[in-house]
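Asker: Structure of the sequence below:
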Amino acid sequence: MRKAALLAFALALQTGCTFDNGAATNLAGAMAICARGGSHAEVRGSGIVVRYLGMRRTYYGLHEGFVVRIDGSTHRVEDNAGITGPIPLHAGERIALQGQYECDDGVIHWTHHDPRLRHPPGYVKAGGTSYE
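Answerer: Next up, the predicted model:
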């Protein structure tokens, strides 16, 4: 599935679809993009779950939130559990993730593949499993 998502992303780029920042960076890089006036940036990192915020239904489907400490700062992550399935997280757990850092509120979104192929694929890796 990961290869198919990457192929779809490459195809989207060739057909004229663009993203603010197609290459993932660390959080410091994402914040630098925001400081230069960007609206969001693809970010990749790993850290420790500080708190699980639970599930809730939104206009965009079933989402779950959690707070993670990455590079010495804490950030809220919103995962679309309707796509990835629930991620069994607990405080103190080490995770890796890739998603979109939003400059306006500092939340990391898009930690999953995009079924409509408009966005680079993201993920959350926890407990030896990759949730995409």
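Asker: just so I have it, where are all the helices in the protein?
Answerer: Along the chain, counting by DSSP state H, helices occupy 2-14, 27-35, 81-84.
Asker: show me what contacts the residue nearest the centre of the chain?
Answerer: For the chain, the residue nearest the mean C-alpha position is residue 99 (2.1 Å; CA atoms, centre = their mean). Taking CB atoms under 8 Å, 6 or more residues apart in numbering as the contact definition, residue 99 lies against 42-43, 77, 108-111, 122. In short, each C-beta sits where N, CA and C put it, glycine included.
Asker: Same list, those residues, but as CSV with neighbour count and pLDDT please.
Answerer: Converted to CSV, the contacts of residue 99 look like this (neighbours: other CB atoms under 10 Å; pLDDT from 0 to 100):
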residue, neighbour count, pLDDT
42, 22, 92
43, 26, 92
77, 24, 96
108, 26, 95
109, 20, 93
110, 24, 94
111, 24, 95
122, 27, 94
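Asker: Format these as a markdown table; extra columns: distance to residue 34.
Answerer: Below are those laid out as a markdown table (distance: CB to CB, whole Å):
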| residue | distance to residue 34 |
| --- | --- |
| 42 | 12 |
| 43 | 11 |
| 77 | 17 |
| 108 | 13 |
| 109 | 14 |
| 110 | 16 |
| 111 | 18 |
| 122 | 18 |
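Asker: Can you list the buried residues in the strand of greatest length in the chain?
Answerer: Determined from DSSP state E, the single longest strand within the chain is strand 40-58. By neighbour count on 16 or more other CB atoms under 10 Å, the buried set for strand 40-58 is 40-45, 47, 49, 52.
Asker: Between all of the residues you listed, which two are separated the most?
Answerer: Spatial extent of the buried residues of strand 40-58 (CB to CB) is set by the pair 41 and 52 at 24.9 Å.
Asker: quick one: which of the contacts of residue 99 sit in strands?
Answerer: Reading strands off the contacts of residue 99 with DSSP E, I get 42-43, 77, 108-109.
Asker: List just the nearest of the residues you listed to residue 93.
Answerer: residue 77 (12.6 Å).
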